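Novice: Fold the stuff below for me.
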Amino acid sequence: MKKITFILTLASFLFLTWTAFAPAQKKSNNNFGEKWESKVSPKLLAKAQRGESLDFLVVLKNQADVNAAKTYQTKAGRGNYVFHKLKQNAAATQKNILNILNTAQAPHQAFSIINAVQVKGDLQLLKTLAQLPEVGQLTTNSPVKLEKLAEKNHTNTRDPEDIEWGIKMINADVVWEKGYRGQNTIIGGQDTGYEWTHPALVNTYRGNVGSTPDHNYNWHDAIHEISLLHNDSIVLPTNNPCGLDVPFPCDDNSHGTHTMGTMVGEAEENQIGVAPGAQWIACRNMERGWGKPSTYIECFEWFMAPTDLNNENPDPTKAPHAIANSWSCPTSEGCDSTNWHIMEMVVNNLKASGVVVVVSAGNSGSQGCGSVRTPAAIFEASFSVGATAQNDSIAGFSSRGPVTVNGSGIRKPNVSAPGVAVRSSIRNDNYATFSGTSMSGPHTAGMVALMISANPNLAGHVEAIESIIEQTAVPKFDEQDCGGISSQQSPNNIYGYGRIDALAAVNAALNWKTPQDGLENVFVNIYPNPTAGRVVLEINDLMGETEFEVYNMAGQLVDFYTWNLLEYQIEEIDLSQLPAGAYIYKIRNENLDAEKTGKILKNN
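Specialist: Residues are numbered from 1 along each chain as shown. Predicted coordinates for the structure are as follows:
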């Protein structure tokens, strides 16, 4: 009872104090008369009012515009531009905040991938920072729990043919026969850590350079402390199997090791990885399945420009081609509408730098339509992946779209991939079979490596890579309709564009050419799509002799047309002679050394 009385008395005192100093607060507001409390998220303000120790993010109003990255045609060019643009903006605008924090000797960490600073402090420091005109928002840095896998069955039993079923389902093994195994590509993962010495991972780790491994630029640990409550008792740092700030890849949970195995894993008689010729780098963003927005942001920032083990000398040329994110941040763990946009800006900026951000869609499919509801799967820039089973149908646990939680209504997932009973590597040199969209995302990230190994010019062209994956996916249909979109058409809110097909994607990648200025903004509309035969093609902002080609999924030309366009034109195309299935169209123009592609679905 005394404790309750003390808290109420303290709250009353703070209320009276704020009331007494109301005029002074008004003076410190910005030019628009904005009260400092309005910048603070409700959950963070409530914690401050209770007198709790605070861990929060300070987001500045000035956020760098990196849209010009699209003008660079190489991954290195895009990565360097975005990294330096963000770094310069943060350095120029964070000076005042950092001076205040250093003077107050408050623990903090500055970010540049988003112009923000993580801070630990109290109500007075919160108030001081909120009153600064350059500060846009302050939000809690709450713990985030790894979403549980739908199933977990430890086994060492491998597929009789040594190649796991998911790899064969997406035709990755056929791509290997063509000579593309992910060579000369880098895959990244942020998760519970990774057991780099596992037989299936040791040979593909970029830091394994011989007798003396080099973890600089290949590994980062964003877990610096343990401040969470597990089972109502404090877990001490010594309880973590890896420890903190580990200078080499270590996994305290097995989840991360499993996902990496699906991307690049290969050992004797264990063909578990989609791209066994790729190399991997990694960042630990969760402590035994618990992370915070700041640990995720720290890993995203590291992937944009990996650093040495002292977290110095960042180098964007060492960034991966794609990263897998098999985690989520639900509202129950502190992520809500007040801070979603923070993580979304981070994803947008990493994508702009030329990195494909693959995200697992979530395991809430039993809750029906609209169950893709957590970051980072809900973002437009995230390439979200649902899960399919061995019978090539959607897994019951796989989250469905559309995204309604933030009012966007966008269709999700983008595609689907094998995610049921997926066998891969785990800690202590073992193997296990897990189920979840955590397993389907890595299949897709691995496929990105296969595509880039087939056509290195694709590196950094994230939109093109994502478009090829969507356009070459095997259309899949369902009886459940979500978001007003019939699941008898593709794309839909159950499978997205369908189940990924590595062979079709690689064939399309081989035909892709680096775009030149001109076709990026050309408007193309094809309807109806799917079609029973005839389609209408609408083209705007394109003039001159133009070729329209139609290819099947094996990359064979099956139909073509030639027109002399007059800026805006409508043409009718007859595809009734083609068998049912998915087709890729390509538009080429005599005045532009470039092409635009899309997908047409032909019904019976």
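Novice: Distance-wise, check Gly407 relative to Ser337.
Specialist: Taking Cβ to Cβ, to the nearest Å as the measure, Gly407 and Ser337 are separated by 9 Å. From N, CA and C alone the C-beta is placed, and that goes for glycine too.
Novice: the more surrounded of those two?
Specialist: The neighbour count for Gly407 versus Ser337, taken as other Cβ atoms under 10 Å, is higher for Ser337 (11 against 7).
Novice: nearest residue to that one other than its sequence neighbours?
Specialist: Asn406 (6.3 Å; Cβ to Cβ, 6 or more residues apart in numbering).
Novice: Contact partners for that neighbour?
Specialist: Neighbour list for Asn406: Ser337, Trp340, Ile378 [criterion: Cβ atoms under 8 Å, 6 or more residues apart in numbering].
Novice: Now it: phi and psi?
Specialist: The phi/psi pair for Asn406 (degrees, to the nearest 10) reads phi -110, psi 10.
Novice: If I look at it, what pLDDT would I see?
Specialist: Per-residue pLDDT puts Asn406 at 87.
Novice: and if you look at Ala532?
Specialist: For Ala532, the predicted pLDDT is 85.
Novice: and the host helix or strand of Ala76, which residues are buried?
Specialist: Secondary structure assignment for Ala76, by DSSP states H and E: helix 75-93. Of the residues in helix 75-93, 75, 78-83, 85-87, 89-90, 93 count as buried by neighbour count, 16 or more other Cβ atoms under 10 Å.
Novice: could you point out which element follows that helix?
Specialist: Following helix 75-93 in sequence order, the next helix or strand is helix 95-103 (DSSP H and E).
Novice: Which residues does that next one contact?
Specialist: For helix 95-103, contacts defined as Cβ under 8 Å, 6+ apart pick out Val58, Leu60, His108, Ala110, Val117, Val119, Thr128, Leu129, Leu132, Glu134, Val135.
Novice: hmm, which of those are the buried ones?
Specialist: Here, 16+ other Cβ under 10 Å leaves Val58, Leu60, His108, Ala110, Val117, Val119, Thr128, Leu129, Leu132, Glu134, Val135 buried among the contacts of helix 95-103.
Novice: The last one contacts Val59, correct?
Specialist: This points to Val135. Yes: counting by Cβ atoms under 8 Å, Val59 is a contact partner of Val135 at 7.5 Å.
Novice: and the chain, what are its domains?
Specialist: Listed by automatic domain parsing, the domain ranges of the chain are 2-141, 145-210+241-510, 523-602.
Novice: For the longest one, measure first residue to last.
Specialist: It stands for domain 145-210+241-510. Separation of the first and last residues of domain 145-210+241-510 by Cα to Cα, to the nearest Å is 40 Å.
Novice: show me where this protein has helices.
Specialist: Secondary structure of the chain (DSSP state H): helices at 2-20, 22-28, 42-49, 75-93, 95-103, 123-130, 165-169, 172-177, 255-264, 293-304, 340-352, 437-454, 462-472, 502-510.
Novice: what about the ones you listed, which gets the closest to Leu537?
Specialist: helix 462-472 (16.0 Å; Cβ to Cβ).
Novice: which of the residues in that closest one are buried?
Specialist: Under 16+ other Cβ under 10 Å, the buried positions of helix 462-472 are Val462, Ala464, Ile465, Glu466, Ser467, Ile468, Ile469, Glu470, Gln471, Thr472.
Novice: Who are the packing partners of that helix?
Specialist: Counting contacts by 3 or more Cβ pairs under 8 Å, 6 or more residues apart in numbering; DSSP states H and E, helix 462-472 is packed against strand 356-360, helix 437-454, helix 502-510, strand 581-589, strand 592-602.
Novice: rank those by mean pLDDT and give me the bottom one.
Specialist: Taking the mean pLDDT of the helices and strands packed on helix 462-472, strand 592-602 comes last: a mean of 75.
Novice: that older thread, just flag the most distant two among the contacts of helix 95-103.
Specialist: Using Cβ to Cβ, the contacts of helix 95-103 reach their maximum pairwise distance at Ala110 and Thr128, which is 16.9 Å.
Novice: Could you list the low-confidence segments of the stretch 401-550 of the chain?
Specialist: Along the stretch 401-550 of the chain, segments meeting pLDDT under 70 span 515-522.
Novice: which stretches of it form strands?
Specialist: 415-418, 422-426, 430-435, 523-527, 534-551 (DSSP state E, counting those that start in this stretch).
Novice: The third one: which residues count as buried?
Specialist: For strand 430-435, a neighbour-count test (16+ other Cβ under 10 Å) marks Tyr431, Ala432, Thr433, Phe434, Ser435 as buried.
Novice: any idea of the pLDDT on the residue nearest to Pro199 when sequence neighbours are not counted?
Specialist: Of all residues not flanking Pro199 in the chain, Ala267 sits nearest, at 4.2 Å (Cβ to Cβ, 6+ apart). In this model, Ala267 is scored at 86, pLDDT.
Novice: Equivalent analysis for Tyr205, please.
Specialist: For Tyr205, the model assigns a pLDDT of 98.
Novice: burial of it, as a residue count?
Specialist: Neighbourhood size, Tyr205 [other Cβ under 10 Å]: 24.
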